[in-house]
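# Build me a structure from this.
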Amino acid sequence: QVTLVESGGGLVQPGGSLRLSCVASGNIFRIDVMGWYRQAPGEQRDLVASTTRLLKTEYSDSVKGRFTISRDNVENVVYLQMNSLKTEDTAVYYCYAKITYNNGRAYYAKDFWGQGTQVTVSS
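Numbers count the residues shown, from 1 in each chain. The predicted structure follows:
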């Protein structure tokens, strides 16, 4: 079984910073992509940032220059450093990973999601 566990959400004032963390654990063979999505009330879940195993990164236009994604391939952790936060960044943030794992009989590749962590930017 593979799980993703996020931490680091909370309440912050506009202009402030937060750092999200997500740890992947289980019978993991390889993690190809790790990233963060977010979903505001009444809206769809959108990509915030992602990073490949070779550390190629991608960002949504709305967070470029303010957010930084990083990854530890040894510990299977992905981080999202969020600076200069705006009220429109308020959402539930979900960790995502494309993982190849072994269930004891064979290898499978599957998308996994964390449970989500709330980020609220408000004065």
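# Would you mind stating the distance between the residue nearest to V2 when sequence neighbours are not counted and Q1?
Distances taken as Cβ to Cβ, 6 or more residues apart in numbering place G26 nearest to V2, at 3.6 Å, with adjacent residues excluded. C-beta: built from backbone N, CA, C; applies to glycine. G26 is 5 Å from Q1, where distance means Cβ to Cβ, to the nearest Å.
# distance of the spatially most central residue of the chain from Q118?
The structure's the chain has its C-alpha centroid closest to W36; by Cα atoms, centre = their mean the separation is 2.8 Å. Between W36 and Q118 the computed distance is 13 Å (Cβ to Cβ).
# for E88, same thing?
Look at E88 and Q118: by Cβ to Cβ, they are 15 Å apart.
# same question, C95
Distance check for C95 against Q118: by Cβ to Cβ, it reads 13 Å.
# out of the two, which sits in the more crowded spot?
When neighbours are counted by other Cβ atoms under 10 Å, C95 comes out ahead of the other of C95 and Q118, with 26 against 11.
# Tell me which residues touch that one, please.
Applying Cβ atoms under 8 Å, 6 or more residues apart in numbering to C95 gives the contacts L4, E6, L20, C22, M34, G35, W36, V78, W113, G114.
# and with 6 Å instead?
Residues in contact with C95, defined by Cβ atoms under 6 Å, 6 or more residues apart in numbering, are L4, E6, C22, G114.
# swap in V121?
Remark: with contacts taken as Cβ under 6 Å, 6+ apart, V121 is in contact with V12, P14, L85, T87, D89, T90.
# Filter those down to the buried ones, PyMOL style.
Selecting just the buried residues from those in PyMOL takes one command, with 16 or more other Cβ atoms under 10 Å as the test:
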select buried, resi 12+85+89+90
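# Format the contacts of V121 as JSON lines; extra columns: pLDDT.
Supplementary listing: the contacts of V121 in JSON lines, determined by pLDDT from 0 to 100:
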{"residue": "V12", "pLDDT": "98"}
{"residue": "P14", "pLDDT": "98"}
{"residue": "L85", "pLDDT": "98"}
{"residue": "T87", "pLDDT": "97"}
{"residue": "D89", "pLDDT": "98"}
{"residue": "T90", "pLDDT": "98"}
